[in-house]
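Trainee: how does the following fold in three dimensions:
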Amino acid sequence: MSEELISMVDGKVFGVWFLLGAALVFWMQAGFAMCEAGFTRAKNTGNIIMKNLMDFCIGTVVFILIGFGLFLGEDLMGIIGKPGFDIFTDYANFDWSNFVFNLVFCATTATIVSGSMAERTKFLSYCVYSAVISAIIYPIEAHWTWGGGWLSQIGFHDFAGSNCIHMVGGISALIGAAMLGPRIGKFERDKSGKVTKVNAFPGHNLVAASLGVFILWLGWYGFNGAACTSVEQLGSVFVTTTIAPALATVTCMIFTWIKYGKPDVSMCLNASLAGLVAITAPCDVTDAFGAIVIGVVAGLLVCFGVWFLDYKLHIDDPVGAVAVHCLNGIWGTIAVGLFATNSAPGYSIADAAGSEMTGLFYGGGFKLLGIQLLGMLATAAWTVVTISITFLAIKAVLGLRVTEEEEILGLDSTEHGLASAYSGFAIMDVSNTLNMAVNENTDLGVSDYEAASPAMRDASVKVMSAPVHSDSMIHKVVVIAKLSRYDKLRKAMNDLGVTGMTVTQVMGCGVQKGSGEMYRGVEMDATLLPKIKLEVVVSKIPVEDVIEAAKRALYTGKIGDGKIFVYSLDNVVKIRTGEEGAAALADVE
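Mentor: Coordinates of the predicted model:
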């Protein structure tokens, strides 16, 4: 009786944990949204949030209608489940927990594709292919492994989805990004069409991206652990799910530090996810040593994947979805055949005859590895065929890509009528503490303004025109400077008696290049940095005094500390035309 009571309590406890795990997996949608938004440009943030919301909501609709039946319906020849509508016809006896649990996993597959096709995909087209993935592509191949299909019958093992979810989503992302083409300006080509340069598009908000990674890592404990049936097994899964991403991240940090001279923040964020993807299939059958090796390989693999897509395949993947999910989904599936050990709690891998199988490195030979390779290749083939048909059909009927004008303006405004996802918030560094890498060749050797020669002062802060002498002494003075000099410049103007000032934020760079050097392994051009543009109109105060005060405030002993433009407001003759002035402003430091 006591054993029956304990068994009943355990069943209830793990039943509740099963649903809590499903809730954690749903919460991963927020992580995907934050990651994708942070790794892309601000003008597309609202579009990305909308897509991550809708792939779950649309996925729910089609999963109810067809996906759940194809996945977990009565097995038909090991290929598909029998479609049914028990959720409508026999709700009292419906398998509610299994429905919710598998629904959130299904939505994860669809959302992976969003990142690689970000910033240039039609929203309607996204909704269509997201629905197809959730309705047909994922449910059928998942049935082979988790619904009693032919792969499960021969002993194929994918505990939580390296193969069924991540590789499938990653392959779909790869094919979609290839068909869609790169974002405008990502690759520079010569007349023959050969790529001559890869340009970096830094993510606009690494804070959001890192928050997304932490959310995903938390959710992954439910992703990998929700199907556990004992405390021992759950504890072991939590251990491997912690070790692999940690080792992947450390490996990536060391690799990028050595290769690029500095540890790459965004690549390390990708590496954490790569380690999580790789451990997803073998999390329940590997030990700590296996998790360490799996994580180290994942950390290197994600770096290779990002480089390979940029420099060899020339496929634009803004968030690294292919490197994270496709390559490491494949690696995690293969890792089962290498590191599966029956010392893991709850170990249950057996062939069709019921004989236990272990990994190659644990004395099991090549049998399990061969089964894993077969299952991976079969799933990959299914995905390539079905998603290619889907994308080709959408491209022919609806079109996949937005127009050039829409892409340049941003999908927030053109697809959703949203002026900005950050209305009311500044998205530039206005803290006056911008840490900028300075071009060493700009050093004038004297940092004190009083000690500097006139030539040094003029080289540091150029005056683009001398005052135009006329009967009226009304002049407009425009000063372009670094944010870090704003307070000093404003005080200098106030002390001089200038009471009317207009200050705006602009972006620009000059001889002092921007703060970036390498981003995700891609050499960056001069970074456009936040600047301030101060405009004053003076009449009673001599314009020469305004110029001198501005030069004194801006001077730091470097070439390119700022520029000053002077215009006579009562004279048609200007030192520079409007077009020339605009060009000069773009060259300001």
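Trainee: buried ones in stretch 261-281?
Mentor: By neighbour count with 16 or more other CB atoms under 10 Å, stretch 261-281 contains the buried residues 264-281. Backbone N, C-alpha and C define where each C-beta goes, glycine included.
Trainee: quick one: low-confidence parts of the protein?
Mentor: Where the chain drops to pLDDT under 70, the residues are 1-11, 424-446, 465-473, 509-519, 523-528, 569-589.
Trainee: in it, where's the longest strand?
Mentor: When the chain is parsed with DSSP state E, its longest strand is strand 529-538.
Trainee: what pairs with that one, parallel or antiparallel?
Mentor: If you go by DSSP bridges, strand 529-538 pairs up with strand 475-482 (antiparallel), strand 501-508 (antiparallel).
Trainee: out of the ones you listed, which comes closest to Ala553?
Mentor: Judged by CB to CB, the one of these that comes nearest to Ala553 is strand 475-482, at 8.1 Å.
Trainee: now that closest one: buried residues?
Mentor: His475, Val477, Val478, Val479, Ile480, Ala481, Lys482.
Trainee: helix, strand, or coil at Lys462?
Mentor: Under DSSP: H, G, I helix; E, B strand; the rest coil, the three-state class of Lys462 is strand.
Trainee: now it, nearest residue through space, not along the chain?
Mentor: Once flanking residues are discounted, Lys462 sits nearest to Lys563: 5.0 Å by CB to CB, 6 or more residues apart in numbering.
Trainee: list the strands paired with the helix or strand hosting that neighbour, with their directions.
Mentor: Assessed by DSSP states H and E, Lys563 sits inside strand 562-568. Strands flanking strand 562-568 in the sheet, each with its direction: strand 461-463 (parallel), strand 475-482 (antiparallel) (DSSP bridges).
Trainee: relative to the whole chain's centre, how far out is stretch 411-421?
Mentor: Here the centre of stretch 411-421 is set off from its chain's centre by 20 Å, with CA atoms, centre = their mean, to the nearest Å.
Trainee: which residues touch that stretch?
Mentor: With contacts defined as CB atoms under 8 Å, 6 or more residues apart in numbering, stretch 411-421 is touched by 37, 42-47, 49-50, 119-120, 122-123, 402, 405-406.
Trainee: flag every buried residue along it.
Mentor: Within stretch 411-421, the residues that count as buried by 16+ other CB under 10 Å are Leu411, Asp412, Ser413, Thr414, Glu415, Leu418, Ala421.
Trainee: looking at these, which is nearest Cys228?
Mentor: Once CB to CB is applied, the member of the buried residues of stretch 411-421 that ends up nearest Cys228 is Ala421, at 38.3 Å.
Trainee: quick one, phi psi at that closest one?
Mentor: Backbone torsions for Ala421, taken as degrees, to the nearest 10, come to phi -80, psi -10.
Trainee: what is the neighbour count of the nearest residue to it once chain neighbours are set aside?
Mentor: Spatial nearest neighbour of Ala421, excluding adjacent residues (CB to CB, 6+ apart): Thr45 at 3.7 Å. Neighbours of Thr45 under the rule other CB atoms under 10 Å: 25.
Trainee: now swap in Pro202 and tell me
Mentor: Residues lying near Pro202 (other CB under 10 Å) number 15.
Trainee: wait, a strand at it?
Mentor: No: according to three-state DSSP, the state of Pro202 is coil, so it is not within a strand.
Trainee: number the residues from 285 up from this point.
Mentor: Sounds good: first residue 285 from here, last item Pro486.
Trainee: that one and Pro602: what is the separation?
Mentor: Note on Pro486: its distance to Pro602, by CB to CB, to the nearest Å, is 11 Å.
Trainee: list the contacts of stretch 320-330.
Mentor: Looking at what lies outside stretch 320-330 - CB under 8 Å, 6+ apart - the contacts are 332-333, 336, 398-399, 402-403, 485, 487-496, 550, 602-604, 693-697, 700, 702, 704-706, 711.
Trainee: so what's the gap between that stretch and the chain middle?
Mentor: Its chain's average C-alpha position is 9 Å from that of stretch 320-330, according to CA atoms, centre = their mean.
Trainee: likewise for stretch 591-606?
Mentor: Using CA atoms, centre = their mean, the offset of stretch 591-606 from its chain centre is 12 Å.
Trainee: pull the residues that contact that stretch.
Mentor: Stretch 591-606 is contacted from outside by 319-320, 323-324, 396-397, 399-400, 402-403, 453-454, 457-458, 461-462, 465-467, 470-471, 479, 482, 485, 487, 550-551, 554, 586, 589-590, 607, 804-806, using CB under 8 Å, 6+ apart.
Trainee: buried residues, that stretch. List them.
Mentor: Buried positions in stretch 591-606, judged by neighbour count with 16+ other CB under 10 Å: Trp591, Leu593, Asp594, His598, Ile599, Asp600, Asp601, Pro602, Val603, Gly604, Ala605, Val606.
Trainee: in the lengthiest helix in the chain, what's buried?
Mentor: Secondary structure of the chain per DSSP state H: the longest helix is helix 286-323. Neighbour counts over helix 286-323 (16+ other CB under 10 Å) mark 298, 301-302, 305-306, 308-310, 312-323 as buried.
Trainee: show me what contacts Ile421?
Mentor: By CB under 8 Å, 6+ apart, the contact set of Ile421 is Thr393, Val452, Ser456, Trp666, Thr667, Thr670, Ile671, Thr674.
Trainee: please repeat the previous calculation with a cut-off of 6 Å.
Mentor: Applying CB atoms under 6 Å, 6 or more residues apart in numbering, we find Ile421 in contact with Thr670.
Trainee: now swap in the one 3 residues further on and tell me
Mentor: Contacts here follow CB under 6 Å, 6+ apart; on that basis Ile424 touches Leu354, Ile364.
Trainee: my assumption is that it lies in a helix; please confirm.
Mentor: Yes: counting by three-state DSSP, Ile424 is located in a helix.
Trainee: how close does it get to Gly659?
Mentor: According to CB to CB, Ile424 and Gly659 sit 14 Å apart.
Trainee: how about the helices in the stretch 285-434 of the chain?
Mentor: Along the stretch 285-434 of the chain, the segments classed as helices by DSSP state H, counting those that start in this stretch run 286-323, 329-346, 352-356, 370-373, 380-400, 407-416, 422-430, 434-438.
Trainee: of those helices, which approaches Leu813 most closely?
Mentor: Set against Leu813 and scored by CB to CB, the helices of the stretch 285-434 of the chain come closest in helix 286-323, at 19.6 Å.
Trainee: tell me what angle that closest one forms with helix 329-346.
Mentor: Relative orientation of helix 286-323 and helix 329-346, computed by axes from the mean of the first three to the mean of the last three CA atoms, to 10 degrees: 140 degrees.
Trainee: next, the angle from helix 286-323 to helix 380-400.
Mentor: Put simply, helix 286-323 runs at 20 degrees to helix 380-400, going by the same axes, to 10 degrees.
Trainee: next one: helix 286-323 to chain centre, how far?
Mentor: Distance of helix 286-323 from the chain centroid (CA atoms, centre = their mean) equals 25 Å.
Trainee: do stretch 762-772 as well
Mentor: With CA atoms, centre = their mean, you get 33 Å for stretch 762-772.
Trainee: go on, stretch 446-466?
Mentor: For stretch 446-466, the distance to the chain centre is 14 Å (CA atoms, centre = their mean).
Trainee: measure the residue nearest to Lys746 to Asp771 for me?
Mentor: For Lys847, the distance to Asp771 equals 19 Å [CB to CB].
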